[in-house]
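Q: Pasting the sequence and the predicted coordinates here, then a few questions.
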Amino acid sequence: MVIISNGFNKFYLAVAAAEMNRRCVLTNFVTGAYPKPYLVDLCSRVRTNRDSKLARLLNRREKIDDRLVMSLWIPEAVYTAGLYINRTARMSAFGHWVERMGFRLYGRASISTITRAAANGAKIYHYRAGFGHKSVQVAKTAGLITLCDHSIANPEALGYLVANEGRMPEKEDICTVGPLWSDINKDIKQADTVLVNSQFVKDTFINRGWNPQVIHVVYLGVEDRFLKEIPYKKEKDNNGTSFQLLFAGSFEKRKGAEVLLEALRLLKDKDWKLKIAGGISPDIKRRFHNDLMDVRISCLGCLSRGDLASEMVEADGFVFPSLAEGSARVVFEALACGCYVITTPNSGSIVENGVHGRLVPAGDAEALASAIRETMALPRERLRETGRNNAKEIRDRYLQSQYGDKLLELYQVLLKTKDK
């Protein structure tokens, strides 16, 4: 019934394809580089570091019938070449052009699969924004419903949100969009309907004049692989210990790095520690060098799934003051690990103020500092109780299989609407 096109790298549409394969409604899965059985067999004979590029490639594999997988290595190789070219300042413009060509090649290379799938009874073409291009028009001509999956704020609002501390643009505000995001925006607009992963993202589309009726929201589930890595949370005596905060993700402006560091400056009198699980952007390293040298801040780098789960279980509070997301996966993972979460509405999460933790306005360092201060003043048992409730809610409502159920329901609604 459905063709799912994942694009490059490890992306949640691979999980969507696995769920549809399990339900026997997947016609084809189109993706970038993907480890087919022969490659898995070859790699099994070679020792690989868990953080190596080869290990990350193998991690893209999902429970999908290999006969249904169309792996487009060349377009991803072109895109990757563009990324490397960008490292040379004088050639960055050319590098960005090469990146865009990688996206376009992917869309063109998808056409043959779509044509065959349509002939075999496929009804829906579910593609990742930026990876459709000409294939979308081919799918429409073949009579397929085209569903574009967009995983972050609307392209016309995204840059504005980051530049303006998470504030939504007004009608009169000018929102500049670069060439790649312009391509992605066009790719979204040519679809019959759009799927986003949070109400926040839908709000950014409505802000830019979209009809709410064509924007559907399905929140992602926490992947089974991650849930299996969560260790048992032991009750511990926190008397006399520093309050342990954890941030996970790329530590950059868009994800609230500046706001968090500014908030911590306002808490110099408090006994806190912060662990950063993720890479730190060069701009943040340069501008906040002294802050990052504080002995209370530990930079852990990028962690494996298991190591991240362990850090989340040990943390007293998870803090993620993002300015613009789609639906931040790390927030859901922190909830699943039993964390008390401090975040913003712009993280696209399910966090409610006073229920799952604290919700603070995006870009407001003083509000974030107050939320952290008030959280530190709470009894540790109150934090643990909230964490237990958070973990239970994830297992009750936001499992990978439940994401698959909601996605299938959407497909059925789209098909019924078309038949009317």
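A: Nice, thanks for sending it over. Numbering: from 1, shown residues only.
Q: Only C-alpha atoms from now on, for both contacts and neighbour counts.
A: Will do.
Q: Mind checking what secondary structure residue 172 has?
A: Under the three-state scheme (DSSP: H, G, I helix; E, B strand; the rest coil), residue 172 adopts coil.
Q: count of residues packed around it?
A: 6 (other Cα atoms under 10 Å).
Q: Residue 149 now?
A: Around residue 149 sit 25 other residues, with neighbours defined as other Cα under 10 Å.
Q: got a list of what it touches?
A: 126, 127, 128, 129, 194, 195, 196 (Cα atoms under 8 Å, 6 or more residues apart in numbering).
Q: Make JSON lines out of the residues you listed and add distance to residue 215 and pLDDT.
A: Compiled in JSON lines, these are given as follows (distance: Cα to Cα, whole Å; pLDDT from 0 to 100):
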{"residue": "126", "distance to residue 215": "14", "pLDDT": "98"}
{"residue": "127", "distance to residue 215": "15", "pLDDT": "98"}
{"residue": "128", "distance to residue 215": "14", "pLDDT": "98"}
{"residue": "129", "distance to residue 215": "14", "pLDDT": "98"}
{"residue": "194", "distance to residue 215": "5", "pLDDT": "98"}
{"residue": "195", "distance to residue 215": "6", "pLDDT": "98"}
{"residue": "196", "distance to residue 215": "7", "pLDDT": "98"}
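Q: ok, and for stretch 119-139, which residues are buried?
A: 122-139 (16 or more other Cα atoms under 10 Å).
Q: Low-confidence stretches in this protein?
A: 47-51, 236-240, 420 (pLDDT under 70).
Q: in the biggest helix by length in the chain, what counts as buried?
A: Counting by DSSP state H, the longest helix found in the chain is helix 400-419. The neighbour-count check on helix 400-419 (16+ other Cα under 10 Å) flags 400, 401, 402, 403, 404, 407, 408, 410, 411, 414, 415 as buried.
Q: Stretch 6-20 now?
A: 6-8, 10, 12-20.
Q: Could you pull out the strands in this protein for me?
A: For the chain, the strands defined by DSSP state E cover 2-5, 26-31, 69-71, 124-128, 145-150, 193-196, 215-217, 243-248, 272-277, 297-299, 317-320, 341-343, 357-359.
Q: strand partners of the fourth one, parallel vs antiparallel please.
A: Within its sheet, and counting by DSSP bridges, strand 124-128 is paired with strand 2-5 (parallel), strand 145-150 (parallel).
Q: In CSV, list the ones you listed along with distance to residue 188.
A: Formatted as CSV, those follow (distance: least, Cα to Cα, whole Å):
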stretch, distance to residue 188
strand 2-5, 14
strand 145-150, 6
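Q: Would you tell me which one of the ones you listed is buried the most?
A: Mean neighbours per residue, mean count of other Cα atoms under 10 Å, is largest over the strands paired with strand 124-128 for strand 2-5, with a mean of 27.
Q: Contact partners for residue 263?
A: So residue 263 contacts 365, 366, 368, 369 (Cα under 8 Å, 6+ apart).
Q: Name the nearest of those relative to residue 305.
A: Of all these, residue 305 sits closest to residue 368, with 27.2 Å by Cα to Cα.
Q: what's the closest one in contact with, if anything?
A: 259, 260, 263, 321, 360, 361.
Q: Let's see that with 7 Å instead.
A: Contacts for residue 368 were tallied using Cα atoms under 7 Å, 6 or more residues apart in numbering; they are 263, 360.
Q: again, but for residue 4
A: If you count contacts by Cα under 7 Å, 6+ apart, residue 4 has them with 17, 28, 29, 30, 125, 126, 127.
Q: Just give me the closest of those to residue 164.
A: Ranked by distance to residue 164 (Cα to Cα), those are led by residue 127 at 30.3 Å.
Q: Disregarding residues adjacent in the polypeptide, which is nearest to the closest one?
A: residue 5 (4.5 Å; Cα to Cα, 6 or more residues apart in numbering).
Q: how close does that neighbour get to residue 249?
A: 25 Å (Cα to Cα, to the nearest Å).
Q: Could you pull out the helices in the stretch 1-150 of the chain for me?
A: All helices of the stretch 1-150 of the chain, identified by DSSP state H, counting those that start in this stretch, fall at 12-22, 37-44, 53-58, 73-85, 92-109, 111-119, 134-141.
Q: right, so those helices: which one is the most enclosed?
A: helix 12-22 (a mean of 22).
Q: Can you tell me what sits against that helix?
A: 4, 6, 26, 29, 62, 63, 64, 401, 404.
Q: quick one: the fifth one from residue 286, how far?
A: When distances are taken as Cα to Cα, residue 62 and residue 286 turn out to be 39 Å apart.
Q: These two: who's more crowded?
A: residue 62 (16 against 10).
Q: nearest residue to the more buried one other than its sequence neighbours?
A: residue 18 (6.2 Å).
Q: Next: residue 182.
A: residue 155 (7.4 Å).
Q: which ones are touching the one you found?
A: By Cα under 7 Å, 6+ apart, the contact set of residue 155 is 177, 181, 185.
Q: For the closest residue to the last one other than its chain neighbours, give its distance to residue 290.
A: Across the structure, with Cα to Cα, 6+ apart as the measure, the residue nearest residue 185 apart from its sequence neighbours is residue 155 (6.0 Å). As for residue 155, its distance to residue 290 is 34 Å (criterion: Cα to Cα).
Q: same question, residue 336
A: Look at residue 336 and residue 290: by Cα to Cα, they are 33 Å apart.
Q: Same drill for the two, tell me which one is more crowded.
A: residue 336 (27 against 9).
Q: That one is in contact with residue 391, isn't it?
A: Yes. Contact criterion Cα atoms under 7 Å: residue 336 and residue 391 qualify, at 4.2 Å.
Q: Residue 391 contacts residue 338, correct?
A: Yes. Counting by Cα under 7 Å, residue 338 is a contact partner of residue 391 at 4.9 Å.
Q: Same drill for the two, tell me which one is more crowded.
A: Neighbour totals were compared for residue 391 and residue 338, and residue 338 leads with 30 against 20 (other Cα under 10 Å).
Q: List the contacts of residue 127.
A: Contacts of residue 127 by Cα under 7 Å, 6+ apart are 4, 5, 6, 147, 148, 149.
Q: And the contacts of residue 4, which is closest to residue 376?
A: residue 17 (41.8 Å).
Q: gap between the closest one and residue 283?
A: The value you get for residue 17 to residue 283, if Cα to Cα is used, is 37 Å.
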